[in-house]
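In: structure, please.
(one chain, ligands or ions: 2)
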Amino acid sequence: MSEVPLKVQFWGVRGSIPVSGADYARFGGNTACIEVSCGDERLILDGGSGLYQAGRALKKAGVAEIDVFLTHCHYDHVIGLPFFHPLYDPSTKLILWSGHTHGRMTTRELIGQFISPPWFPVSAEYCTSNLHCRDFVPGDALAPRAGMVVRTGSLSHPGGCVGYRVEANGKSVALISDTEHVAGVLDPVVLDLIADADLVIYDSTYLESEMERYRGFGHSTWEQGIKLCKAAGAKRLALFHHDPSRTDSQVEEIERAAQARFSGAFAARDGLILDL
Ligand SMILES: [Zn+2]
Ligand SMILES: [Zn+2]
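Out: Ligands and ions are numbered 1, 2, ... in the order given. Prediction:
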C-alpha cells in the first residue's frame, strides 16, 4: 500500500458556468469536479458539470461505492449531480456529504430541493434507493474510505463553503474553492488545510488587479494562492475555478506569470491526472 500514489483527476476546472468552443479547448469548459483516489478507494470533490463524465468513467470501471463531497451548492458545483449515472444505478452505493449549510439545511434537504420539478423531470425520491446523505460540521475530520482522511474547514463565500484536505499514504491534496481573501491577510483556516500539502487546488477566478471590482463575490486570485502556498510550505499549486470568460491563451498567460513566481504553479485543465 505504501507505494500506491494519491491520484488526482480533474473532471472540471471552470467556475460559474460551463463553457464550450474553440477558445476553451485546451483547459476545458466543465465546472468543478475532482476525483481523488488511492488504489481502489476513491472519492469525488464537487459535482459540477464535470461529474457527468466522471460518472461514465466510474461506471465503466465497475466502481460500486462512491463518496461525493460538496464544497457548497452553487450551481457550478452541483449541476452535474442530476446527470450522475450512479444516482440511478441500484448496484452503486452513493454517499453524498456536505457541511456548508450546517444548522440550516441537511444534505438530504439540499438534494431534495435541487433535484425536483419543475427544475428537473423527477424528484430526488426517484433515485434515493442507493443514495446515502451525510452531514458534517466544518472543522470535522472524516474517514469516509479505508486509509483516507478528509479534513474540513469553513471558507469565506456567500452562503458558506467548505475547504477540504484529503490525506492518504502520507500524501495530501487540498481543495480551497470558493473563497474570498482579505488583502494582506492569510486565512488561518486555509493555512491549516494546506500545510505542507503535496498539491493545493485554489480558487483563481480573478486577478489581483480585478479584486476591487469583484469585492464580495466570494472569490480569490492566483497571486493569493501563491502567497498561501509559500507560507504553508505547499509543494504544488493548481490554479482552479477559471473565470468562464478566460480563453485558453489568457489562462496560459496567467499560468506563465504564476510559474515565474512559484515554480510549482500550473493551471488545472479538464482530463489532467496527477500522481502525488
Ligand atoms: Zn463556484
Ligand atoms: Zn460559489
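In: so what's the closest residue to ligand 2 within the stretch 1-150 of the chain up against?
Out: The minimum distance from the stretch 1-150 of the chain to ligand 2, using CB to the ion, falls at residue 74 (3.5 Å). (C-beta placed from N, C-alpha, C; glycine too.) Residues counted as contacts of residue 74 (CB atoms under 8 Å, 6 or more residues apart in numbering) are 159, 178.
In: that one and residue 139, how far apart?
Out: Distance, residue 74 to residue 139, using CB to CB, to the nearest Å: 21 Å.
In: near ligand 2, which residues of the stretch 101-250 of the chain show up?
Out: residue 178 (CB under 5 Å from the ion).
In: could you rerun that using 8 Å?
Out: Residues of the stretch 101-250 of the chain lying close to ligand 2 by CB under 8 Å from the ion are 157-159, 161, 178, 218-219.
In: which two among those are spaced furthest apart?
Out: The largest separation in those, counting by CB to CB, is between 159 and 219 at 13.3 Å.
In: so which of those two has more stuff around it?
Out: residue 219 (25 against 12; other CB atoms under 10 Å).
In: identify the residues contacting the more buried one.
Out: When the contact criterion is CB under 8 Å, 6+ apart, the partners of residue 219 are 15, 178-180, 203, 205-206, 241.
In: 6 Å instead?
Out: 178, 180, 203, 205-206 (CB atoms under 6 Å, 6 or more residues apart in numbering).
In: tell me how far the top helix by length along the chain is from the chain's mean position?
Out: Secondary structure of the chain read by DSSP state H shows that its longest helix is helix 248-261. Averaging C-alpha coordinates over helix 248-261 and over its chain gives two centres that are 21 Å apart (CA atoms, centre = their mean, to the nearest Å).
In: ok, for residue 80, nearest residue in space, not its chain neighbours?
Out: Beyond its immediate neighbours in the sequence, the residue positioned closest to residue 80 (CB to CB, 6 or more residues apart in numbering) is residue 51, lying 2.9 Å away.
In: ignore what I typed, I meant residue 99.
Out: On the basis of CB to CB, 6+ apart, the spatially nearest residue to residue 99 that is not a chain neighbour turns out to be residue 136, at 4.2 Å.
In: what's the neighbour count on the one you found?
Out: Neighbour tally, residue 136, other CB under 10 Å: 18.
In: what about the nearest residue to residue 134 once chain neighbours are set aside, how many neighbours?
Out: Among residues not flanking residue 134 along the chain, residue 97 sits closest, at 4.7 Å (CB to CB, 6+ apart). Counted with other CB under 10 Å, residues neighbouring residue 97 total 22.
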